[in-house]
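*Asks:* This is a predicted model, with the sequence first.
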Amino acid sequence: MSKIKLKQFLWKGIDSNGNKINGKLLAINRRFVKAELSKKQICTKKIYKCFQLPNCLKLRNKISQKDITLIIRQLSTLINSGIPLSQTLYAIALSTKKETIKSMLQSIQKDIQQGNLLSYAIQKFPDLFDHLTFNFIIVGEQSGTLDVMLERIAFLREKTQRINEKLKNALLYPLVTTSFAIIITIIMLVFVV
């Protein structure tokens with residue numbers, strides 16, 4: 001029998017007295033959240049999945065791919081030095097200033113403390129961890145070389161980000177010169193001709 005995965009949802013609604021209220025609820029999907037709240041005579045207005053951090057927690061700072069790469073690099077270094085995964089996540093969460101990253105790391109740490117694998121914990125954040133990262137982590141867990149796999153992930157992500165920045169810089173110059181040429185041509189056509 002397969003294990004049912006419960007997800008955390010944040011909801012906003014109106015109670016029977018007409019007051020605006022909100023809260024958290026563990027459920028399989030949005031329909032179950034709505035059904036549970038209607039039993040309590042709450043009319044739901046919005047329901048968010050909690051792995052969508054910017055929408056769910058309404059925090060200012062979004063998590064960028066550079067942030068994820070840095071976290072993976074730090075995980076690799078600390079695990080390689082013999083620190084347990086749960087303590088590593090706690091240390092990284094303490095050192096960050098972004099509340100969104102802190103919340104994400106605390107969620108992952110909580111899953112690890114409950115006996116789940118890192119691959120299970122990060123699948124709650126599909127917008128942040130791509131399939132390649134996920135699969136590398138699974139291989140690392142199964143082979144006992146998680147630190148090595150995290151090192152490889154960090155290296156690949158850093159290399160990809162460097163290439164993307166070079167491409168952006170390479171495309172910026174032609175874009176600026178073309179725009180400038182079009183503006184000059186328009187000015188000459190309007191005012192000279």
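*Replies:* Arrived safely, thanks for sending.

*Asks:* so what's the residue nearest the centre of the chain up against?
*Replies:* Closest to where the C-alpha atoms of the chain average out (Cα atoms, centre = their mean) is Leu128, at 3.5 Å. For Leu128, the contact set (Cβ atoms under 8 Å, 6 or more residues apart in numbering) comprises Ile63, Gln65, Ile68, Met104, Ile122. To be clear about C-beta, it is placed using only N, CA and C from the backbone, and glycine gets the same treatment.

*Asks:* repeat for Ile63
*Replies:* Going by Cβ under 8 Å, 6+ apart, Ile63 touches Leu53, Lys98, Thr100, Ile101, Met104, Leu128.

*Asks:* State the number of residues packed around the third one.
*Replies:* Applying other Cβ atoms under 10 Å, we find 19 residues neighbouring Thr100.

*Asks:* what's the helix or strand for it?
*Replies:* helix 99-113 (DSSP states H and E).

*Asks:* what sits up against the next helix or strand after that helix?
*Replies:* For helix 99-113, the following helix or strand on the C-terminal side (DSSP H and E) is helix 118-122. Helix 118-122 has contacts (Cβ under 8 Å, 6+ apart) with 85, 107-108, 111-112, 128-129, 133-134, 137-138, 141, 146.

*Asks:* Among these, name the buried ones.
*Replies:* Neighbour counting by 16 or more other Cβ atoms under 10 Å classes Leu85, Ser107, Ile108, Asp111, Ile112, Leu128, Phe129, Thr133, Phe134, Ile137, Ile138, Leu146 among the contacts of helix 118-122 as buried.

*Asks:* any idea of the pLDDT on the last one?
*Replies:* Read that as Leu146. For Leu146, the model assigns a pLDDT of 90.

*Asks:* List the contacts of it.
*Replies:* Leu146 neighbours (Cβ under 8 Å, 6+ apart): Ile79, Leu85, Leu118, Ile137, Gly140.

*Asks:* now the fourth one
*Replies:* Contact analysis of Asp111 by Cβ under 8 Å, 6+ apart lists Tyr120, Ala121, Lys124.
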